[in-house]
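Student: quick one, fold the following:
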Amino acid sequence: MIDYVLCSAREAGANRFLVVIGHEGEAVQAALSGEPDLEFVWQHDPQGTGHAVMMCEEYLKSHTGQTLVLAGDTPLLSSDSLRKLVNENQSASCVIGAAITENNHGLGRIVRDGSGAFQKIVEQKDATPDEDAITEINTGCYLFETADLLSSLGQIDKSNNQGELYLTDCPAILLNEGKTVVASPCFSIDEAIGVNTRQHLAEVRDVLHQRGLEKLMAEGVGIVNPALVDIDPRATIGQDTIVHPFSIIEGEVTIGENCIVGPHAVIRDVNVADGTEISPFTLLTG
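Tutor: Predicted coordinates for the structure are as follows:
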């Protein structure tokens, strides 16, 4: 999941990455061992999102630019939305990524004043009935001026129903100091989906799969029945190749141009030359 987040952040212009790890952190480190520009930061005693960012303080003290804060379990984040977040208001102390949705259960609400200006973020468990009805939600994506981020982190406390250190308190602290804080609804609600259950994982996979199919077809790949194929988003397929129903393409597969795949073909981690015909019920593995 975090691979997708890192990829989108890179495409949006980020060039240094601090990855906060805790439970089974060694496994996360191993899985990301091939990624460039990563620094791992341990959070041994998790006490909330604000506490996680606090663990990065020593790494951020010397950074004079902006800091993008993202959740590692939101693989549907797009680089286009992150670019909008970064470019929204270059003079702001904090820009909060927001989305509009009627399905707001469990999500932090963006509270605005009568003029529409940002006031605060309220978690659902701490919300009043009026705040609970708000449909503009926090996606968990933020752009901070680094010095302001570190200053506000030093002022948050656990005076909330969860007894945790909320990163969401930082924007209100900055606002109370007279700093500019903007909430920008530049994300779709799909991008805010965090994977916490098997159901979430299946939902995210469906969206990623559909995005991948649409991209391939836009590039000239023929997919006879998109509902009846399974194509890994990492696969590269050449123009005018035809993929027939019930075919499965898994892993880092490269298929050339003018190929015919299936039906009922399974291809895993191999390179297929231009003009190849892969017969029905064929299994190709690397």
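Student: what segments of this protein are helices?
Tutor: All helices of the chain, identified by DSSP state H, fall at 2-11, 25-31, 49-54, 57-60, 79-87, 129-132, 146-153, 169-176, 198-218.
Student: Throw these into JSON lines and include mean pLDDT, thanks.
Tutor: JSON lines is the format used below for the helices of the chain (pLDDT from 0 to 100):
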{"stretch": "helix 2-11", "mean pLDDT": "91"}
{"stretch": "helix 25-31", "mean pLDDT": "92"}
{"stretch": "helix 49-54", "mean pLDDT": "95"}
{"stretch": "helix 57-60", "mean pLDDT": "94"}
{"stretch": "helix 79-87", "mean pLDDT": "93"}
{"stretch": "helix 129-132", "mean pLDDT": "94"}
{"stretch": "helix 146-153", "mean pLDDT": "96"}
{"stretch": "helix 169-176", "mean pLDDT": "94"}
{"stretch": "helix 198-218", "mean pLDDT": "90"}
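Student: what would those look like in a markdown table with mean neighbour count?
Tutor: Yep, even glycine has a C-beta here, placed from its N, CA and C like the rest. Output for the helices of the chain, formatted as a markdown table (neighbours: other Cβ atoms under 10 Å):
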| stretch | mean neighbour count |
| --- | --- |
| helix 2-11 | 18 |
| helix 25-31 | 12 |
| helix 49-54 | 20 |
| helix 57-60 | 13 |
| helix 79-87 | 18 |
| helix 129-132 | 11 |
| helix 146-153 | 20 |
| helix 169-176 | 22 |
| helix 198-218 | 14 |
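Student: show me the one of the ones you listed that comes nearest Ile100.
Tutor: Nearest of the helices of the chain to Ile100, taken as Cβ to Cβ: helix 79-87 at 13.1 Å.
Student: and the closest one, what other elements does it pack with?
Tutor: helix 2-11, strand 66-69, strand 94-100, strand 136-145 (3 or more Cβ pairs under 8 Å, 6 or more residues apart in numbering; DSSP states H and E).
Student: in a markdown table, list those along with distance to Thr276.
Tutor: Putting these into a markdown table (distance: least, Cβ to Cβ, whole Å) gives the following:
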| stretch | distance to Thr276 |
| --- | --- |
| helix 2-11 | 29 |
| strand 66-69 | 42 |
| strand 94-100 | 43 |
| strand 136-145 | 42 |
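Student: of these, which approaches Val181 most closely?
Tutor: The nearest among the helices and strands packed on helix 79-87, by Cβ to Cβ, is strand 94-100 at 4.7 Å.
Student: and the closest one, what does it pack against?
Tutor: Packing partners of strand 94-100 (3+ Cβ pairs under 8 Å, 6+ apart): helix 79-87, strand 136-145, helix 169-176, strand 181-184.
Student: tabulate those (a markdown table), appending distance to His244.
Tutor: Compiled in a markdown table, those are given as follows (distance: least, Cβ to Cβ, whole Å):
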| stretch | distance to His244 |
| --- | --- |
| helix 79-87 | 32 |
| strand 136-145 | 38 |
| helix 169-176 | 51 |
| strand 181-184 | 44 |
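Student: lovely, talk soon.
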